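A.B. asks: Got a sequence here, can you model it:
(2 chains)
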Number of protein chains: 2
Amino acid sequence: MPETAAASVPADAPRSGLSRRGLLGLALGGGVASLAVGVGAGLAGGVALGRARAADEAEDAYAFFGPHQAGITTPVQEHLHFASFDMMPRTDRDDLVSLLQDWTYAASRMTQGLEVSATGAVGGDAEVPPDDTGEALGLPAAGLTITIGFGPSLFENEDGDRYGIAARRPAGLERLPAFLGDDLDPQTSHGDLCIQACADDPQVAVHAIRNLSRIAFGRAKLRWSQLGFGKTSRTTADQATPRNLFGFKDGTANILADDSEALAKDVWVAASDDPGWMAGGSYLVARKIAMLIETWDRVRLSEQNTIIGRDKGAGAPLSGGDEFTAPDLSSSKIDANSHVRLAHPEENGGVRILRRGFNYVDGNNDLGRLDAGLFFLSYQRDPAQFITLQRKLSTDRMNEYIRHVGSGIWAIPGGAEPGSYVGAGLFA
Amino acid sequence: MPETAAASVPADAPRSGLSRRGLLGLALGGGVASLAVGVGAGLAGGVALGRARAADEAEDAYAFFGPHQAGITTPVQEHLHFASFDMMPRTDRDDLVSLLQDWTYAASRMTQGLEVSATGAVGGDAEVPPDDTGEALGLPAAGLTITIGFGPSLFENEDGDRYGIAARRPAGLERLPAFLGDDLDPQTSHGDLCIQACADDPQVAVHAIRNLSRIAFGRAKLRWSQLGFGKTSRTTADQATPRNLFGFKDGTANILADDSEALAKDVWVAASDDPGWMAGGSYLVARKIAMLIETWDRVRLSEQNTIIGRDKGAGAPLSGGDEFTAPDLSSSKIDANSHVRLAHPEENGGVRILRRGFNYVDGNNDLGRLDAGLFFLSYQRDPAQFITLQRKLSTDRMNEYIRHVGSGIWAIPGGAEPGSYVGAGLFA
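C.D. replies: Have a look, this model is predicted:
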């Protein structure tokens, strides 16, 4: 785990704790006295009843600050809570900046197994609402990563250039074009901002999103959110390839964290790319892909294999070999419209993406069918990479068994330096 | 883990595999050839590509057969997938019995880390749909328990005594009375049958419910289901007390698995209790309790503590001591309408229950508030125990911050003996 860092209070925080506005959000209803909580008390104070308890638990903590945001090449964790936010009406540039500063501050603490502020859930004045909601007290960092992104609508929407950043929008950052088979629900699509929280404990991921939503009070509002589990991709070679809800291994050919050449070519925005403030960043595409699993389950095994282009058991391409053998696309055993062929870089001008998806189950519908599928997440240097692949998949035989019901795209800025905040370059 | 058993094919299964009806369900759409799959091939055959891979993983397997069903006193696992089913129209007693036999067979295998049948996801005829959906291939048993129950409507509903069992309904097994604050959604309440699947890996729990739903095809249909995480109760002394989404430790005073006296008095139906077929069983109450967490989060800490009657940090009763100190109900520090006081056995004629709840987050509503709360599960010897407690809680100060949105009650028969099936006594 190359990103592992000792759990410690960040050496240098963006501000001396939550902004006044952030504290107002937390303490709403607590009256004037609430203003006294935590202002300036952020990092200097001790953590009375902090979360991180033992040195060995600190090994589960990934550094928050650095050239890239964590949660992209970080070994994929077991659980996801993804959230999309819209800025509130009549907010201004200062609100947006203070929100990003407060999120950075809280995220830099929570990822180290600490509470959102020094006083946390129980260490502050008992006569005001606690800063931290408390359900992660006693839990370790659990590999938590928090990854923050900016949607196209943040730069400009029907209300115009709300934050004076329209001119700085990356050219490729626009709502994705319609794809064949799209059945998008606006209630689970798009958003001004996103936060991807991944952790090995769902309670830790949920705690992060809940507290970041709370901190956003008055500035941004949760638009939609999604829980996921059973990671469907791996980002390091020592992770076993997990299975999606079609029962197939997924992500065998993913870009791995140690493939610096592929990361530089296909994932990270280069310093020479436009706009400059995105250097070290990436573009995130989220697609909520509902699977018609009861229908799929009635397909005979040989046909399932043909549709995917791999053997369900071992995950080997149908052209032969084992899971990690490259598919031989000249073989007729790999169907012309199989998923593995259409998604292959050779069929797409060499395009690759870094996938980081999760399975989801949201209960069931009135017919007694599970409302389940894949919450697809991919990171790429340019949104055009995803668009190329998704267009190619228009003839994918798998399309009969899936439906894209949610969609979003966000610019993921590079990581923050200690003392700064995520996205600072956009406002420089 | 006293219930731990080596992962192995059950010594004696209820039938020689899935019933013909069960196989028809699995293979629907596969045509006549499907009938050949697995009939009689159940337990004798080897497991070509089974799930359990190494001896040490087998330590995560709990015995399925025994005097009590697993999943009640079993150390609470990390994840829940709970499902409620309704029998299909025009099904008869034989359908119900064959369903319970097929569920027993599949459950006895999956809890040992095996696939639902010997041929499983990839070991059968490639020209028919696989028996197993495959997403748990390669995963261990992960502590999976599968607990099956019978709702009041199974015994008699508006269509009458469909299965010839109305006369055998336990007297206390009836839809729960209305409680103050109920806001029940019929879409997440009640049901002819229930299955509680708990595991330390959500993919394993989801795989179990998915495959049991599939096996039920044509006989029973999923009515509603719920995922949960972050167990909010402990059932053994060595489990740390987890926290609910109010940030408080929950389940400190739960009945523990080694307290055989309390289990005999308050959890297990005695052989002398009526009806005799419920001996070794219990009654399960499920309540989906939505928490108004954003409202709660604005309550000052001292008031939160007063409402619960415990200290949020350590979990100690406000009358003093540590988490495991008994609350002193004579102390005025414990509010008259605090949760800890009203729920205490001393205030309820000595009544206790075994709790086994989980936190849930189902996304968010249009206001940007998390749709989250507690999926409360309790086991008791008599449903009257729950009713007594819930009525007492009518003045609970916590009620301002919660809403009961789902409800169900099921008779949980004793465990099946090898060679028999869950609930066999009901049909004897």
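
A.B. asks: for A:Leu377, helix, strand, or coil?
C.D. replies: strand (DSSP: H, G, I helix; E, B strand; the rest coil).

A.B. asks: distance of it from A:Cys194?
C.D. replies: According to C-beta to C-beta, to the nearest Å, A:Leu377 stands 10 Å off from A:Cys194. Where you see a C-beta, it was placed from the backbone N, CA and C, and this is true even at glycine.

A.B. asks: got a list of what the nearest residue to A:Gln77 once chain neighbours are set aside touches?
C.D. replies: Nearest residue to A:Gln77, sequence neighbours excluded (C-beta to C-beta, 6 or more residues apart in numbering or on different chains): A:Cys198, at 4.2 Å. By C-beta atoms under 8 Å, 6 or more residues apart in numbering or on different chains, the contact set of A:Cys198 is A:Gly71, A:Thr74, A:Val76, A:Gln77, A:His79, A:Leu80, A:Gly143, A:Leu144, A:Thr145, A:Thr147, A:Ala205, A:Arg356.

A.B. asks: ok, now which ones touch the first one?
C.D. replies: What it means is A:Gly71. Contacts for A:Gly71 (C-beta under 8 Å, 6+ apart) come out as A:Thr145, A:Ile146, A:Thr147, A:Gln196, A:Cys198, A:Arg356.

A.B. asks: Could you dump those residues into a markdown table with secondary structure added?
C.D. replies: Shown next, in a markdown table, are the contacts of A:Gly71 (three-state DSSP):
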| residue | secondary structure |
| --- | --- |
| A:Thr145 | strand |
| A:Ile146 | strand |
| A:Thr147 | strand |
| A:Gln196 | strand |
| A:Cys198 | strand |
| A:Arg356 | coil |
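
A.B. asks: And the buried ones among the residues you listed, selectable in ChimeraX?
C.D. replies: Selection of buried members from the contacts of A:Gly71 for ChimeraX, criterion 16 or more other C-beta atoms under 10 Å in any protein chain shown:
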select /A:145,146,147,196,198,356
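
A.B. asks: on that earlier part again, which of the contacts of A:Cys198 sits closest to chain B?
C.D. replies: Each of the contacts of A:Cys198 was checked against chain B using C-beta to the nearest C-beta; the closest is A:His79, at 7.9 Å.

A.B. asks: Tell me, how many residues neighbour the closest one?
C.D. replies: Number of residues near A:His79 (other C-beta atoms under 10 Å in any protein chain shown) recorded here: 26.

A.B. asks: Look at it and report its pLDDT.
C.D. replies: With respect to pLDDT, A:His79 scores 97.

A.B. asks: Could you report the separation of it from B:Val204?
C.D. replies: A:His79 is 14 Å from B:Val204, by C-beta to C-beta.

A.B. asks: Could you do A:Ala216 as well?
C.D. replies: Separation of A:Ala216 from B:Val204 (C-beta to C-beta): 35 Å.

A.B. asks: For these two, indicate the residue with more neighbours.
C.D. replies: With neighbours defined as other C-beta under 10 Å, A:Ala216 and B:Val204 compare such that B:Val204 has more, 28 against 24.

A.B. asks: For A:Val361, which residues are in contact?
C.D. replies: Contacts of A:Val361 (C-beta under 8 Å, 6+ apart): A:Leu245, A:Leu370, A:Asp371, A:Ala372, B:His81, B:Val206, B:Ser225, B:Leu227.

A.B. asks: can you list these in a markdown table and add distance to B:Leu184 and neighbour count?
C.D. replies: A markdown table is the format used below for the contacts of A:Val361 (distance: C-beta to C-beta, whole Å; neighbours: other C-beta atoms under 10 Å in any protein chain shown):
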| residue | distance to B:Leu184 | neighbour count |
| --- | --- | --- |
| A:Leu245 | 30 | 27 |
| A:Leu370 | 23 | 25 |
| A:Asp371 | 21 | 15 |
| A:Ala372 | 25 | 19 |
| B:His81 | 21 | 26 |
| B:Val206 | 25 | 27 |
| B:Ser225 | 17 | 26 |
| B:Leu227 | 19 | 24 |
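
A.B. asks: all strands for the stretch 151-300 of chain A, in order.
C.D. replies: A:193-199, A:220-229, A:282-291 (DSSP state E, counting those that start in this stretch).

A.B. asks: Please identify the most buried of the ones you listed.
C.D. replies: Greatest average neighbour count among the strands of the stretch 151-300 of chain A goes to strand A:193-199 (a mean of 27), per mean count of other C-beta atoms under 10 Å in any protein chain shown.

A.B. asks: How about the residues of the stretch 301-428 of chain A by chain B?
C.D. replies: Residues of the stretch 301-428 of chain A found near chain B (C-beta under 8 Å from any C-beta of the partner chain) are A:301-302, A:304-305, A:311-313, A:359, A:361-364, A:366-370, A:372.

A.B. asks: Filter those residues down to just the ones in helices.
C.D. replies: Filtering those for membership in helices, criterion DSSP state H, returns A:Leu301, A:Ser302, A:Gln304, A:Asn305.

A.B. asks: ok, back up a step: B:Gly280: which of the contacts of A:Val361 is nearest?
C.D. replies: Nearest to B:Gly280 out of these is B:His81 (C-beta to C-beta; 24.6 Å).

A.B. asks: List the beta-bridge partners for the spatially most central residue of chain A.
C.D. replies: In chain A, the centroid-proximal residue (C-alpha atoms, centre = their mean) is A:Gln196; its distance is 3.0 Å. Assessed by DSSP bridges, A:Gln196 has beta-bridge partners A:Phe82, A:Thr147.

A.B. asks: so who does it touch?
C.D. replies: So A:Gln196 contacts A:Gly71, A:Leu80, A:Phe82, A:Thr145, A:Ile146, A:Thr147, A:Gly149, A:Leu284, A:Leu377 (C-beta under 8 Å, 6+ apart).

A.B. asks: would JSON lines of the residues you listed with distance to B:Ala428 be doable?
C.D. replies: Formatted as JSON lines, those follow (distance: C-beta to C-beta, whole Å):
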{"residue": "A:Gly71", "distance to B:Ala428": "56"}
{"residue": "A:Leu80", "distance to B:Ala428": "47"}
{"residue": "A:Phe82", "distance to B:Ala428": "50"}
{"residue": "A:Thr145", "distance to B:Ala428": "55"}
{"residue": "A:Ile146", "distance to B:Ala428": "57"}
{"residue": "A:Thr147", "distance to B:Ala428": "58"}
{"residue": "A:Gly149", "distance to B:Ala428": "61"}
{"residue": "A:Leu284", "distance to B:Ala428": "59"}
{"residue": "A:Leu377", "distance to B:Ala428": "53"}
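
A.B. asks: between these, which is closest to A:Gly251?
C.D. replies: Closest to A:Gly251, out of all of the contacts of A:Gln196 and judged by C-beta to C-beta, is A:Leu377, at 11.2 Å.

A.B. asks: What about that closest one, how many residues nearby?
C.D. replies: Close neighbours of A:Leu377, defined as other C-beta under 10 Å, add up to 28.

A.B. asks: do A:Ala253 as well
C.D. replies: Counted by other C-beta under 10 Å, the residues lying close to A:Ala253 total 17.

A.B. asks: Would you enumerate the residues in contact with it?
C.D. replies: Contacts for A:Ala253 were tallied using C-beta under 8 Å, 6+ apart; they are A:His344.

A.B. asks: and the gap between the closest residue to A:Gly280 other than its chain neighbours and A:Tyr379?
C.D. replies: Leaving aside its sequence neighbours, A:Gly280 sits nearest to A:Gly414 (C-beta to C-beta, 6+ apart; 2.8 Å). A:Gly414 sits 12 Å away from A:Tyr379 when distances are taken as C-beta to C-beta.
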